[in-house]
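Visitor: give the three-dimensional model of this entry:
(chains A and B)
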Amino acid sequence: MTTPNPLLEVEDLVKHHHTPAGAVRAVDGVSFAIGRGETLGFVGESGCGKSTLGRTLMRLHEPDAGTIRFEQRDVTRLGRREMRPVRRNVQMIFQDPYGSLNPRRTVRQLLTEPFQVHGIGDAADRRERVGRLLERVGLHPDHAERHPHEFSGGQRQRIAIARAIALEPRLVICDEPVSALDVSIQAQIINLLRRLQRESGMAYLFISHDLSVVGYVADRIAVMYLGQIVEIAPKAELWREPLHPYTRVLFSAIPLPSPPSQARRERLSLKGEPPSPIAPPRGCRFHTRCPHAMPVCREQAPALREVEGGRQVACHLVGAA
Amino acid sequence: MTDGSARVWWRFLRNPGAMLGALILAGVVALAAAAPLLYPEGPFEMVGRPYAPPLSEFLLGTDMLGRDIAAGIAHGARISLLVGCVATLVIVLLGTLIGSLAGYFGGRVDSVLMRVTEFFQTVPSFIGAIVLVAILQPSLASVIGAIAIVSWAPLARLVRGEVISVRNREYVQSCVALGMGDARIILVQILPNVISTVVVAASLMVATAILFESGLSFLGLGDPNIMTWGFMIGAGRAAMRTAWWMVTIPGIAILLTVLAINLVGDGLNEALNPRLKQL
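Guide: Got it, this is the predicted structure:
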């Protein structure tokens, strides 16, 4: 599928982590695009490479191969100085709001840093901007003089969000932004992210292991398994009929609200643990755990192919459109 | 961080060992500060008969040339503290600079800097200091320089390890994502979170530097124009059987000072890193 004039375009991105045991193929040939104002969700088990993907897009990890284009510009190999204007437009929210805010800085310092780095405004102007930012994320401007440890997890994540949106970026990479929070707080933070998106029209790349969270925020969803995308589809399509066997297993793991419908449902489960990303299986990476594996799956890796309805699937079972 | 530092002080003040150390140390500092007032004639002046025992006409007795040992102790305290503090300052600057560059940049920078650090670590430090002072000619500056050169390597490794662990925290990553420059990240984001470890290590290094200086002076490698505790012991050792105080009193001065600094250092460690104690 081609998004016309995409905001972010990723082609065959590869990032391996080199360890004494061998290269961990965390991201192994990933291609996708995000349109302006769109939310693309990434789901997958822990260890499937989705966080590495987010950090590689942010150039916190250096990509080994492939290209990242932001607004048609190749940013894969830009130096630190050239990256700076790009970073103004691409920001990141991390999973752990206890780890993503420097404990020694006040909220004002934390929220002023984006303006300092990019040379925006003078002292008075920055003060005002910090106050407005705090209000936008549902905190009180008087909170600015406190330190992160004086806030709850949800409030801290609001501060982290304020820091990420300070520069009015066009894309925010949200790496499991609610996974570390209480369930009751998760909804508040997700609704905040949605409201901010409506107000400013930024795009989200939303990473989560929780399909129901991604299903709530995303326009399109990409499913990752062992460093590769196995299926990418508009949310409604995916919800109506997941095509890849792995996606089906993920869907069957979402608890349903009523016990009878839960009991009626066909329950799929996976055999064994995910294989090591150091030595992924030959052929289709999912064949060792796939309930429908055929001989061809052991030999040949299926390509991510376009099927009907603007969706792409990498599976031998699913015929091309 | 006001209430945080209040808690640190409270933990330090409640620690009896640390308070005892701080008290002794305060005494040594006061003695050093008051030395020119108490003994304006200086430590080399021959003020009385030689071999006067303590508690005679002189509080701590005199040495074989009739120099007042109390004057030597007071003036020697100035030198010991000066050497300890200045050498530690140089060690901290050098060790922090090299350790943080190696830890932050990693890769080739790290490899090169750590090979250099290991080279300095493999040289036996006291022997190294003796050789350096011998080459540079004994003077206060060369003694301080030699102590710093042979002692910075372990601190650099310590800082490197801490910087690596802080560098991978998400708040540093988020600053990289913001486009913040390396220097600013190191100085503003990383070092303030490493400083408590450096403070503890540095406080113990003051004691080591004082011992080194005493050792060098004992061997006659100190500045010949400066009275130090180590020099007093070295000068008095020939008379140890007949005049025990010439060696014992400066020895006790070194012992108390080093012990006090170690107690303060341990107290700082427990106050700044309270979780270590619980483990």
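Visitor: helix, strand or coil for A:E231?
Guide: strand (DSSP: H, G, I helix; E, B strand; the rest coil).
Visitor: again, but for A:L13
Guide: strand.
Visitor: what helix or strand is the residue lying closest to it once chain neighbours are set aside on?
Guide: In space, and not counting its chain neighbours, A:L13 is closest to A:G66: 3.7 Å by Cβ to Cβ, 6 or more residues apart in numbering or on different chains. C-beta here means a position set from N, CA and C on the backbone, and glycine is covered the same way. A:G66 is part of strand A:65-70, with elements assigned from DSSP states H and E.
Visitor: can you give me the buried ones in that strand?
Guide: A:G66, A:I68, A:R69, A:F70 (16 or more other Cβ atoms under 10 Å in any protein chain shown).
Visitor: would you quantify the distance from the residue nearest to A:L13 to chain B?
Guide: 20 Å (Cβ to the nearest Cβ, to the nearest Å).
Visitor: run through the residues that contact that residue.
Guide: A:V10, A:E11, A:D12, A:L13, A:V14, A:G29, A:V30, A:S31, A:T76 (Cβ atoms under 8 Å, 6 or more residues apart in numbering or on different chains).
Visitor: for whatever helix or strand A:N191 lives in, output the C-alpha coordinates as PDB.
Guide: Counting by DSSP H and E, the element that carries A:N191 is helix A:183-200. Extracted in PDB, the C-alpha atoms of helix A:183-200 (Å, rounded to 0.1, in the frame of the first residue of the first chain):
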ATOM      1  CA  VAL A 183      -5.100   0.300  34.200                       C
ATOM      2  CA  SER A 184      -7.200   3.100  35.600                       C
ATOM      3  CA  ILE A 185      -4.600   5.600  34.600                       C
ATOM      4  CA  GLN A 186      -4.000   4.100  31.100                       C
ATOM      5  CA  ALA A 187      -7.300   5.300  29.800                       C
ATOM      6  CA  GLN A 188      -6.600   8.900  30.900                       C
ATOM      7  CA  ILE A 189      -3.300   9.000  29.200                       C
ATOM      8  CA  ILE A 190      -4.600   7.400  26.000                       C
ATOM      9  CA  ASN A 191      -7.400   9.900  25.900                       C
ATOM     10  CA  LEU A 192      -4.900  12.700  26.500                       C
ATOM     11  CA  LEU A 193      -2.800  11.500  23.600                       C
ATOM     12  CA  ARG A 194      -5.900  11.400  21.400                       C
ATOM     13  CA  ARG A 195      -7.000  14.900  22.400                       C
ATOM     14  CA  LEU A 196      -3.600  16.300  21.700                       C
ATOM     15  CA  GLN A 197      -3.600  14.600  18.300                       C
ATOM     16  CA  ARG A 198      -7.000  16.200  17.500                       C
ATOM     17  CA  GLU A 199      -5.700  19.600  18.500                       C
ATOM     18  CA  SER A 200      -2.400  19.600  16.600                       C
END
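Visitor: okay, now the sheet partners of the helix or strand that that helix is followed by, with direction.
Guide: Per DSSP H and E, the first helix or strand lying C-terminal to helix A:183-200 is strand A:203-207. The pairing partners recorded for strand A:203-207 under DSSP bridges are strand A:39-43 (parallel), strand A:171-175 (parallel).
Visitor: these: which one's closest to B:S111?
Guide: For those, the distance to B:S111 is smallest for strand A:171-175, at 30.6 Å, taking Cβ to Cβ.
Visitor: near chain B, which residues of chain A show up?
Guide: Within reach of chain B by Cβ under 8 Å from any Cβ of the partner chain, chain A has these residues: A:55, A:58, A:60, A:80, A:83-84, A:87-88, A:91-92, A:94-96, A:99-104, A:113-114, A:117-118, A:147, A:160, A:163.
Visitor: the closest residue to A:I229 other than its chain neighbours: what's it in contact with?
Guide: Leaving aside its chain neighbours, A:I229 sits nearest to A:A222 (5.1 Å; criterion: Cβ to Cβ, 6+ apart). Neighbouring residues of A:A222 by Cβ under 8 Å, 6+ apart: A:F32, A:L40, A:G41, A:F42, A:V43, A:I229, A:E231, A:I232.
Visitor: do A:E9 as well
Guide: A:A33, A:T67, A:I68, A:R69, A:Q72.
Visitor: change it to 10 Å
Guide: Counting by Cβ atoms under 10 Å, 6 or more residues apart in numbering or on different chains, A:E9 makes contact with A:2-3, A:31-34, A:67-72, A:74.
Visitor: quick check, A:S100 in a helix?
Guide: No - counting by three-state DSSP, A:S100 is not part of a helix but coil.
Visitor: backbone torsions only: list them for the closest residue to chain B within the stretch 101-250 of chain A.
Guide: The nearest approach of the stretch 101-250 of chain A to chain B comes at A:N102, 4.3 Å away (Cβ to the nearest Cβ). When read as degrees, to the nearest 10, the backbone of A:N102 gives phi -60, psi 120.
Visitor: where exactly do the helices run in the stretch 101-250 of chain A?
Guide: Assigned by DSSP state H, counting those that start in this stretch, the helices in the stretch 101-250 of chain A fall at A:107-117, A:123-136, A:153-165, A:183-200, A:211-217, A:235-240, A:245-252.
Visitor: contacting residues around the longest one?
Guide: To tie it back to what came earlier, the one meant is helix A:183-200. Outside helix A:183-200, the residues touching it (Cβ under 10 Å, 6+ apart) are A:37-39, A:93, A:97, A:136-138, A:152-155, A:157-158, A:160-162, A:164-165, A:168-170, A:172, A:174, A:177-182, A:202-204, A:206, A:208, A:210, A:213, A:216-217.
Visitor: try 7 Å this time
Guide: Under the contact criterion Cβ atoms under 7 Å, 6 or more residues apart in numbering or on different chains, helix A:183-200 has outside partners A:137-138, A:153-154, A:157-158, A:161, A:165, A:168, A:174, A:177-178, A:181, A:204, A:213, A:216-217.
Visitor: just the buried positions in that helix, please.
Guide: Quick answer for helix A:183-200 (16+ other Cβ under 10 Å): A:I185, A:Q186, A:Q188, A:I189, A:I190, A:L192, A:L193, A:L196, A:Q197.
Visitor: same check on the second one?
Guide: Residues of helix A:123-136 classed as buried: A:R126, A:R129, A:V130, A:G131, A:L133, A:L134, A:R136 (neighbour count, 16+ other Cβ under 10 Å).
Visitor: how about the first one?
Guide: Along helix A:107-117, these residues count as buried under the neighbour rule (16+ other Cβ under 10 Å): A:V107, A:R108, A:Q109, A:L110, A:L111, A:T112, A:E113, A:P114, A:F115, A:V117.
Visitor: find the nearest non-adjacent residue to the second one, please.
Guide: In this structure, A:R108 finds its nearest non-sequential neighbour in A:A144, 4.0 Å apart by Cβ to Cβ, 6+ apart.
Visitor: for the one you found, give me the pLDDT.
Guide: The score at A:A144 is 93. That number is its pLDDT.
Visitor: up against chain A, what does the stretch 101-250 of chain B have?
Guide: For the stretch 101-250 of chain B, the residues in contact with chain A (Cβ under 7 Å from any Cβ of the partner chain) are B:169-171, B:173-174, B:176-180, B:189, B:192-193.
Visitor: how does it look with 10 Å?
Guide: With Cβ under 10 Å from any Cβ of the partner chain as the criterion, the stretch 101-250 of chain B meets chain A at residues B:166, B:168-182, B:184, B:188-190, B:192-193, B:195.
Visitor: for the buried residues of strand A:65-70, give me CSV that also has pLDDT and distance to A:P257.
Guide: Output for the buried residues of strand A:65-70, formatted as CSV (pLDDT from 0 to 100; distance: Cβ to Cβ, whole Å):
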residue, pLDDT, distance to A:P257
A:G66, 95, 41
A:I68, 96, 39
A:R69, 95, 41
A:F70, 95, 40
